[in-house]
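1. Got a sequence here, can you model it:
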Amino acid sequence: QVRFVQSGGGLVQEGASLRLSCAASGRTFSESAVAWFRQAPGKKREFVAAFNWNGPNTYYADSVKDRFTISKDNAKSTVYLQMNSLKPEDTAVYYCAVDTRWRVEPAREHGLYEFWGQGTQVTVSS
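-> Have a look, this model is predicted:
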């Protein structure tokens with residue numbers, strides 16, 4: 001079982017930055033992928049960013065590439081999403097998630113992720 005505590009959302013103006021945190025407990029993630037997804041009102045949950053816990057690469061949706069950065073702190077078992085140059089279309093509830101099954105690259109389909117954070121609201125005003 002994995003448990004997450006998310007934090008860091010809020011209301012900001014266009015162009016601002018936010019950092020989301022996802023602190024995990026309950027198991028190690030050596031064979032896991034960790035991802036951020038988001039869901040806007042009336043829309044499907046979409047992939048934002050991910051990495052394999054022990055891998056060197058990070059993966060991003062085209063819509064956030066060069067603006068968002070996913071990272072981790074091994075000692076704290078915490079994953080971060082640094083969001084810069086925020087746009088109104090980034091407004092959504094953001095979720096961290098874990099897929100404990102090893103894959104060459106992290107999956108981008110939310111249905112393949114087994115454990116989820118509670119979600120945190122990010123609202124960007126224009």
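2. so residue 86 touches residue 16, yeah?
-> Yes. If you go by Cβ atoms under 8 Å, residue 86 and residue 16 touch, sitting 5.4 Å apart. From N, CA and C alone the C-beta is placed, and that goes for glycine too.
3. what residues are shared contacts of the two?
-> Common neighbours of residue 86 and residue 16, counting by Cβ atoms under 8 Å, 6 or more residues apart in numbering, are residue 124.
4. Going by how many neighbours each has, rank those two and give me the top one.
-> residue 86 (22 against 14; other Cβ atoms under 10 Å).
5. Next up, the contacts around that one.
-> Per Cβ under 8 Å, 6+ apart, neighbours of residue 86: 12, 14, 15, 16, 17, 18, 67, 122, 124.
6. residues near residue 96, how many?
-> Counted with other Cβ under 10 Å, residue 96 comes out at 30.
7. what does residue 53 give?
-> By other Cβ under 10 Å, neighbour count at residue 53 equals 19.
8. Quick check: phi and psi on it?
-> phi -50, psi -40 (degrees, to the nearest 10).
9. Next: the one 3 residues further on.
-> Here the main-chain torsion angles of residue 56 (degrees, to the nearest 10) amount to phi -90, psi -10.
10. tell me the pLDDT at it?
-> Reading off the confidence values, residue 56 has pLDDT 90.
11. Run a quick neighbour tally on it.
-> Residues near residue 56, counting by other Cβ under 10 Å: 6.
12. Residue 10 now?
-> 13.
13. Identify the bridge partners of the nearest residue to it once chain neighbours are set aside.
-> Spatial nearest neighbour of residue 10, chain neighbours left out: residue 18 (6.4 Å); criterion: Cβ to Cβ, 6 or more residues apart in numbering. Listed by DSSP bridges, the beta-bridge partners for residue 18 are residue 83.
14. What lies in contact with the lowest-mean-pLDDT helix or strand in the chain?
-> One helix or strand of the chain scores below all others by mean pLDDT, DSSP states H and E: strand 3-7, with a mean of 92. By Cβ under 8 Å, 6+ apart, the residues outside strand 3-7 that reach it are 20-26, 94-96, 98, 115-120.
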